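Undergrad: Whatever this is, show me its structure:
(one chain, ligands or ions: 1)
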Amino acid sequence: MPEAKILEGRSLARQIAEKLKAEIAGLAVSPKLAIIQVGDRPESSLYIEKKKEFGEKIGAEVEHIKFPEDINQDCFENEVKKISDRPDFCGVIVQLPLPPGLNFGKVIDKVDFRKDVDGLSAINVKKLWNNEPDGLIPATAKAVLSLLDFYKIPLSGKRITIVGRSALVGKPTAVCLLNRGATVTIAHSQTENLSELTRQAEILVVAIGQPNFIGKDFVSPGQIVVDIGINSSQGDKLQEEISGKKTTGDVDFEAVREVVGAITPVPGGIGPLTVASLFENLLLARSLQYKSLIK
Ligand code: NDP
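TA: From the prediction side, this is the model:
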């Protein structure tokens, strides 16, 4: 049986970085991103560092703004609004997760939707549902589309099963694929006969946060498998993500690659593309703000 094709994302992420760098080099002022963090969770700080590194590589500015863990909802909403109102910022991210006492939905709606590069504000969610072209789409969902497009995998009319229904990953990815004409099934922890559903799909997308959960029994020959999961293999997720060496996906890569037609690796699949997609959103956000000024 022929080996599965490996759908790697690193070289596409590099291509996107080059394109963004050239675009930014042609601007009078480089775009600036605010990343707002509450508290000091090391994992969040690490993700922020990765975004800063990518920003530096392409010539975008990234400012990391920190608030204390005990900030209250009203005060935090006011601060976020002030940051969003600053004309020097083209994009604003509120780094997740927030401490338990803070309501993310209310906070993110204080960000101008044209600066909401994570695509999580109510207006951007609505635009995604309505398939409006001027919305900002969550970076992971965008990364999935970019990868499938890069490998010229048709989506229209295809049976796609997505395992995972989070607001950050599963749902927006499902809606993006639906908007592209796919026939989408969304599965989750309460889904019965999960392996039956996953085997029936032509494209299987997995985002559950369960290391190596999807094994041989969940897939079928010829399938395309996209693994969004990032899990630690030895418990020290932080160090592993820095080195990018020991993370595993939600799919048992070695077992599944023997069955399917194509599969994304972890690391090196959707992960690097997600950061690149975020900065694509920053440039898109900049142009949305520019358009609203000249209206
Ligand atoms: P969440 O924990 O928010 O959501 C997990 C989803 O998976 C839920 O909908 C849950 O179902 C479902 N689920 C959990 N266990 C099972 C199971 N055994 N069978 C079926 N469904 C299950 O996680 P996220 O969506 O935030 O992240 C998912 C994964 O993607 C993680 O590994 C995360 O690290 C990774 N990730 C990767 C990114 C990237 O750039 N590559 C970016 C963001 C996340 P229910 O709703 O019923 O509880």
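Undergrad: what's stretch 170-179 in contact with?
TA: Residues from elsewhere that reach stretch 170-179 (Cβ atoms under 8 Å, 6 or more residues apart in numbering): 119, 125, 128-129, 131, 137-138, 140-142, 144-145, 155, 160, 162-165, 184, 186, 188, 205, 207, 228. In this view, the C-beta of every residue, glycine as well, is placed from N, C-alpha and C.
Undergrad: give me every residue that touches Ile16.
TA: By Cβ under 8 Å, 6+ apart, the neighbours of Ile16 are 146, 273, 276-277, 279-280.
Undergrad: Isn't Val163 up against Ile214?
TA: Yes: the criterion here is Cβ atoms under 8 Å, and Val163 meets it with Ile214 at 7.3 Å.
Undergrad: Overlap in contacts, these two.
TA: Residues touching both Val163 and Ile214 (Cβ under 8 Å, 6+ apart) are 198, 204, 206, 250.
Undergrad: Next, the contact list for Tyr47, please.
TA: Neighbour list for Tyr47: Gln95 [criterion: Cβ under 8 Å, 6+ apart].
Undergrad: re earlier: now render the contacts of Ile16 as JSON lines, adding pLDDT and neighbour count.
TA: Formatted as JSON lines, the contacts of Ile16 follow (pLDDT from 0 to 100; neighbours: other Cβ atoms under 10 Å):
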{"residue": "Ser146", "pLDDT": "98", "neighbour count": "22"}
{"residue": "Leu273", "pLDDT": "96", "neighbour count": "27"}
{"residue": "Ala276", "pLDDT": "97", "neighbour count": "25"}
{"residue": "Ser277", "pLDDT": "98", "neighbour count": "25"}
{"residue": "Phe279", "pLDDT": "98", "neighbour count": "26"}
{"residue": "Glu280", "pLDDT": "98", "neighbour count": "23"}
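Undergrad: from the residues you listed, which is closest to the ligand?
TA: Closest approach to the ligand among the contacts of Ile16 (Cβ to the nearest ligand atom): Leu273, at 7.6 Å.
Undergrad: residues in contact with the closest one?
TA: So Leu273 contacts 9, 12-13, 16, 143, 146-147 (Cβ under 8 Å, 6+ apart).
Undergrad: For the stretch 1-150 of the chain, which residue gets nearest to the ligand?
TA: Closest point on the stretch 1-150 of the chain to the ligand, by Cβ to the nearest ligand atom, is Thr140, at 4.3 Å.
Undergrad: If you drop the residues flanking it in sequence, what lies closest to Ile153?
TA: Nearest non-adjacent residue to Ile153, counting by Cβ to Cβ, 6 or more residues apart in numbering: Ile224, 6.0 Å away.
Undergrad: so which strand or helix has the residue most central in space within the chain?
TA: Residue closest to the average C-alpha location in the chain (Cα atoms, centre = their mean): Thr140, at 1.9 Å. Per DSSP states H and E, Thr140 falls inside helix 139-150.
Undergrad: Could you list every helix and strand in contact with that helix?
TA: helix 10-25, helix 170-179, strand 224-227, helix 270-294 (3 or more Cβ pairs under 8 Å, 6 or more residues apart in numbering; DSSP states H and E).
Undergrad: about what we covered before: ok, the residue of the stretch 1-150 of the chain closest to the ligand to Cys176 distance?
TA: Per Cβ to Cβ, to the nearest Å, Thr140 is found 10 Å from Cys176.
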